[in-house]
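In: Model the structure of this input:
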Amino acid sequence: MKRINLAVTGCMGRMGQQIIKSVKSHKNFKLISLTENKKINKKISGLKVDLNTEQSFKKVNLIIDFTVPKCTFEVLKIAAKLKKRVVIGTTGFTKKEENLIKKYSKKIPILKAGNMSMGINLLMYLTEIASSSLGKNFLSKVFEIHHKHKKDYPSGTALMLGKGIAVGKNKNFYSLVGKKYLNKKTFPYGNKINFNSIRKGEIVGEHEVKFSSGKEIITLNHEAFDRALYSEGALTAAKWLMTKKPGLYSMRDLMNFK
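Out: Model (predicted):
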């Protein structure tokens, strides 16, 4: 397979740095562009850090974006013009922004995931099955823990799991979103899906979905110990996306879940 010329946006961020590190051990990729949304006079892996411009992305096959929504749309606008594939790991999009990403995907192949971990995507699939099987007598809630540096809450992964619950119930996710708590020791079940987010230390990520009938509780959970699992997942997604036509894809498509 011909090597994939790769651009990494948000290269100074935690995930950007991790992807750069993971690329070094993959022969399928060649890192040729690193960008940030502000000017930085620095070189990483022998590459100058550039701004998000057409020139920065001109020679790449694919862009991996772990930034913030505003930056992601800056990147998508250029990518669509240059016909470049994009893997999006950015989280925190509004419903309107999600629809805008769908529009861009009509022009270029995009794989978007709130979490690039294979294990988390399996957890989401199991969440859908549990939600569908358990039915109306069970209430549900989602709990997550991340490092103190993470700004958005609930995490993109927690919201993904919430969507999994909604899919299982065959309901619109946004109509099921309940209360969003931050740093609470306990939080209640509700008729809607309540979320609780803990921000502390350097925890990579823990996610838990609970279903309760009042007589029994079913718990599905996932713990991440190494940030490399996200960058490895992003590179797996990048390689897979290289053969795809324009469209909006997910890790679910990659893992061939029904």
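In: All the helices of the chain, residue numbers only.
Out: 14-23, 54-57, 69-82, 95-104, 118-134, 156-169, 173-176, 228-241, 251-254 (DSSP state H).
In: now the angle from the third one to helix 95-104?
Out: Here helix 69-82 points in a direction 10 degrees away from that of helix 95-104 (axes from the mean of the first three to the mean of the last three C-alpha atoms, to 10 degrees).
In: Counting by contacts, list what helix 69-82 packs against.
Out: Secondary-structure packing of helix 69-82 (3 or more C-beta pairs under 8 Å, 6 or more residues apart in numbering; DSSP states H and E): helix 54-57, strand 62-65, strand 85-88, helix 95-104. Every C-beta, even on glycine, is put in place using the N, C-alpha and C of the backbone.
In: List the buried residues in it.
Out: Buried residues in helix 69-82, counted by 16 or more other C-beta atoms under 10 Å: 69, 71, 72, 73, 74, 75, 76, 78, 79, 80.
In: Number of residues surrounding residue 21?
Out: By the criterion of other C-beta atoms under 10 Å, residue 21 has 13 neighbours.
In: thought residue 109 was touching residue 238?
Out: No: the criterion here is C-beta atoms under 8 Å, and residue 109 misses it with residue 238 at 10.6 Å.
In: Now render the helices of the chain as CSV, adding mean pLDDT and distance to residue 193.
Out: Output for the helices of the chain, formatted as CSV (pLDDT from 0 to 100; distance: least, C-beta to C-beta, whole Å):
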stretch, mean pLDDT, distance to residue 193
helix 14-23, 94, 26
helix 54-57, 97, 38
helix 69-82, 97, 22
helix 95-104, 96, 16
helix 118-134, 95, 10
helix 156-169, 93, 5
helix 173-176, 94, 5
helix 228-241, 95, 24
helix 251-254, 92, 19
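In: out of those, deepest packed?
Out: Across the helices of the chain, the average number of neighbours (mean count of other C-beta atoms under 10 Å) peaks for helix 156-169, which reaches a mean of 23.
In: What is the burial count for residue 219?
Out: Neighbour count for residue 219, taken as other C-beta under 10 Å: 11.
In: Just the pLDDT for it.
Out: pLDDT for residue 219: 98.
In: would you turn the helices and strands packed on helix 69-82 into TSV with distance to residue 31?
Out: TSV is the format used below for those (distance: least, C-beta to C-beta, whole Å):
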stretch	distance to residue 31
helix 54-57	13
strand 62-65	10
strand 85-88	14
helix 95-104	24
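In: right, and these - which one's nearest residue 252?
Out: Nearest of the helices and strands packed on helix 69-82 to residue 252, taken as C-beta to C-beta: strand 85-88 at 14.4 Å.
In: Counting by contacts, list what the closest one packs against.
Out: Using 3+ C-beta pairs under 8 Å, 6+ apart, strand 85-88 sits against strand 62-65, helix 69-82, strand 109-112, helix 228-241.
In: same thing but 6 Å
Out: On a contact count with 3 or more C-beta pairs under 6 Å, 6 or more residues apart in numbering; DSSP states H and E, strand 85-88 meets strand 62-65, strand 109-112, helix 228-241.
In: Right, I'll call it a day here.
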